[in-house]
Structures are given as structure tokens and as C-alpha cells.
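Visitor: What would the 3D arrangement of this be:
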Amino acid sequence: MKSKIPAVLILVVLSVAIALAQTSPSSTSTPVIFGHGTTNFIPKFVGPNSIGNSIITESNGGIQVSSASNAITGSTNGPDGAFGVSGFANGNSGFVTGVQGVTNSPQGQGGFFVNNSETGFASGVLAITNGPGIAVNGLTNNPGGRGVQGSSPNVGVAGFAQDCSNFPPCVSSPGIAGQFVTGSGGLILQGLLRSPSGDSFKQQFTVDADGNGFFAGNLNVTGTVSKGGGSFKIDHPLDPSNKTLSHSFVESPDMMNIYNGVAKIDAKGQAVVSLPNWFESLNGDFRYLLTAIGAPQPELYIAEEIHGNRFTIAGGKPGAKVSWQVTGIRHDAYANAHRIRVEEDKPATEHGSYMHPEAVRPQEPKGVTNGRQR
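Guide: Numbers count the residues shown, from 1 in each chain. Take a look at the predicted model:
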């Protein structure tokens, strides 16, 4: 007598066979996908036939990527004009941003060191170019727009010219940390001070397309200033609202200092002039000039030259006044290390060119070569 197979066992065997057929590589039917996820997370394959959460979430039409490493990487091998990452914002009020980068880490970029004394950089946006191209390029077609804007309680925009192929640390290179270009009549660089209320700006410095500079405050130069000429320019003391008054600098081929004063001759026909206690530390190679005041004093002379930061005048009339002037040549440590070279040959690349062509050759057309005009 034949044994009967239970109907339940037959159903189980059939179910297993169907499942194996659906997941078999040789099956031509659509495979069954298994998995689970979290609301608002965009799924991804975590196995050949299973899904799970990705690092991308979607809420109210917005996409957010969260990662412990690179959140978004854009790469393109496309033709001219292709974008690795592109962001567009079509809003017309308030702050609307096409691409925004935010970091809450005190050492963003994984602690990317400039040198051993730095603690690292936290970067909202990091742009790197390995070729001669531009890492960050800001472009606006609106006359009131800004190509690049940085806002920070510390440094809004910072530029570093470095060879970072082996960072950390990062090795400095002779590149250009910041470059600004404008058309004729524009400002290459402008510095503005925002008012406490935030509704107005005060211009602090500018550099225009012709190379003219404006600086509203004090200027401190630790090196040497070379110039074509110099003067002071102030509101005219007699008509300050309508005129200005200018004086040219006093100049010399030496690093010369000028000192003067008025001395009163004592009963012995002498006057001792005391100078600051730093005088001989700063100056040397002295020259003297004496002028009688009120009446002739033909016998005036320097009885004792400068020693101990003083000198003596003699041959004067008791009670009379004498105007004196002393010049000295600087011989402090900086001056000795940086003497002004009075005459120099121009570099070979500048032969035939002029620093001030409008003065030297006003009849010739102007051209620019190596930053100077021919």
C-alpha cells in the first residue's frame, strides 16, 4: 500500500522551490529585493539583493548628505563648460545660496596642517586644483552682485599659495595667494568698514585700475619705500573748505636726519646744545650750520663737536641768540643693513622701459612691458 504525502509538506516544498528559482542567477525572472529603511532616507543597495539606508535624506524637497568622510564629490571628464558640482538658487529676496558649505568641526578637513604651529583648518568649502586652473572662481553678471564673498568673525577670505602635494605639513611655494582683476576704471581692491548698525559702509582703502591707492588710516612699512615723489597734502589753513596745501618731502642721497633749534649765548659767549640720549646711537657723520639772530656775530663757531649727545657753540655775543642746524647720517642696525643704492642698472628685462614714461618721453605712445611702460 502506497504512503500518502501530507498536503502541508507539499506546499512547503513548492514554496522553497519557487523562492530558489526567483533568487537563482540562472533565473530569468525579476529577483526579489529584501530590506528595510528609515523614513526620509533615500535607500541604497547594501548587498546584491538587499537594501538599506544611504547617507542621503530628503525632506520637503531638499536633499542632505551626512558623512564621516567626503560628503559629496563632483568629478567630470566632460567637454569645456562641464561642471563637477553645480548649484543654482533662483530666490529673489534675503540670502539665497547656490552652494553652501558648513563645518562644525574645529579641525575640518581632518586636521589639515599648514605648519606645525597651526591646529588645522575648519573649512565649509575646500577647493583644490592639481593643474594651472582656478580652484575657486566667482562670477556675477549683476552690477550689484559679488563674485566671491566671505563672512566670518575671524577671517572672511584667506588665500594660501602652497604646494600641498605631501600634506600634512604643507610646504610653501612661490605662488600667488590672492589675485584681483578689474576692467578700466574699476577698483582692483576695496576695503570697507561696516557701521555698527550694519546699514552703511565707510571706505578704508582702495587700489584702482590705474594703480592709484587710497588708505584712510596710518600706514606702517617695515621695509624701504621707493617713490617717484612725495608730499603732505592738507586742508588749506586759510581756506580749508575750498583749497588744499601741499609741501614736497626733503630728500637726500644719504639716509640723512635733520635737527635744528635756537640757543642763547651765555656770559662767556658760549651755548651748550643738548641732544636726545639716543642721538649718537642713531646718527653719525655730522654737519653743522650756525646763523646769528638779531645782530651780526661774525666770530660764531663750533667749539666742541657732538660728544655725549651735546655740542658747544662759541664766539657769540652774551645774551644773543643763534639758530643752529645739525644733520646726521643714520648708522643704526637697520640702516647699515639696508643702505640706499643711489645709482643702479635696470634689470635686463626692463632695458628700454621707463618707470615714468609720461615724464621722460611724453611724445611717444605708451605701452606696458613687465609692469612698466615703454
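
Visitor: ok so A359 is a strand residue?
Guide: No. Counting by DSSP: H, G, I helix; E, B strand; the rest coil, A359 is located in no strand; its state is helix.

Visitor: All the strands of the stretch 251-374 of the chain, residue numbers only.
Guide: Here the stretch 251-374 of the chain has its strands, by DSSP state E, counting those that start in this stretch, at 256-264, 271-274, 283-293, 301-304, 310-314, 321-330, 368-369, 372-373.

Visitor: go on, the stretch 51-200 of the chain?
Guide: Taking DSSP E, counting those that start in this stretch as the criterion, the stretch 51-200 of the chain carries its strands at 62-65, 162-163, 171-172, 187-194.

Visitor: in the longest one, what's buried?
Guide: Same thing as strand 187-194. 188, 190 (16 or more other Cβ atoms under 10 Å). Using the backbone N, CA and C atoms, a C-beta is placed for each residue, glycine as well.

Visitor: which other helices and strands contact the next helix or strand after that strand?
Guide: Past strand 187-194, heading to the C-terminal end, the next element that is a helix or strand (DSSP states H and E) is strand 201-208. Judged by 3 or more Cβ pairs under 8 Å, 6 or more residues apart in numbering; DSSP states H and E, strand 201-208 is in contact with strand 187-194, strand 213-215.

Visitor: thinking again about what came up before, H236 is nearest to which of the strands of the stretch 51-200 of the chain?
Guide: With Cβ to Cβ as the criterion, H236 lies closest to strand 187-194 of the strands of the stretch 51-200 of the chain, at 27.8 Å.

Visitor: Quickly run through the sheet partners of the closest one, with directions.
Guide: Taking DSSP bridges as the criterion, strand 187-194 sits next to strand 201-208 (antiparallel) in its sheet.

Visitor: now the helices and strands packed on strand 201-208 in JSON lines, with mean pLDDT and distance to K321?
Guide: Output for the helices and strands packed on strand 201-208, formatted as JSON lines (pLDDT from 0 to 100; distance: least, Cβ to Cβ, whole Å):
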{"stretch": "strand 187-194", "mean pLDDT": "90", "distance to K321": "49"}
{"stretch": "strand 213-215", "mean pLDDT": "93", "distance to K321": "42"}
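
Visitor: For P43, find the nearest of the ones you listed.
Guide: Within the helices and strands packed on strand 201-208, the stretch nearest P43 is strand 187-194; the backing value is 47.0 Å (Cβ to Cβ).

Visitor: Put the alpha carbons of the closest one into CSV.
Guide: Taking C-alpha atoms only, strand 187-194 is exported to CSV below (Å, rounded to 0.1, in the frame of the first residue of the first chain):
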residue,chain,number,x,y,z
LEU,A,187,38.7,99.1,-8.4
ILE,A,188,41.1,96.2,-8.1
LEU,A,189,40.8,96.2,-4.3
GLN,A,190,38.5,97.9,-1.9
GLY,A,191,38.3,97.7,1.9
LEU,A,192,35.1,98.8,3.7
LEU,A,193,34.3,99.2,7.4
ARG,A,194,30.7,98.3,8.3
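
Visitor: For this structure, just list every one of the helices.
Guide: Under the criterion DSSP state H, the chain contains helices at 7-23, 108-111, 279-282, 333-337, 357-360.

Visitor: List the buried residues in the last one.
Guide: Spelled out, that is helix 357-360. Of the residues in helix 357-360, those scored as buried under the neighbour-count criterion (16+ other Cβ under 10 Å) are P357.
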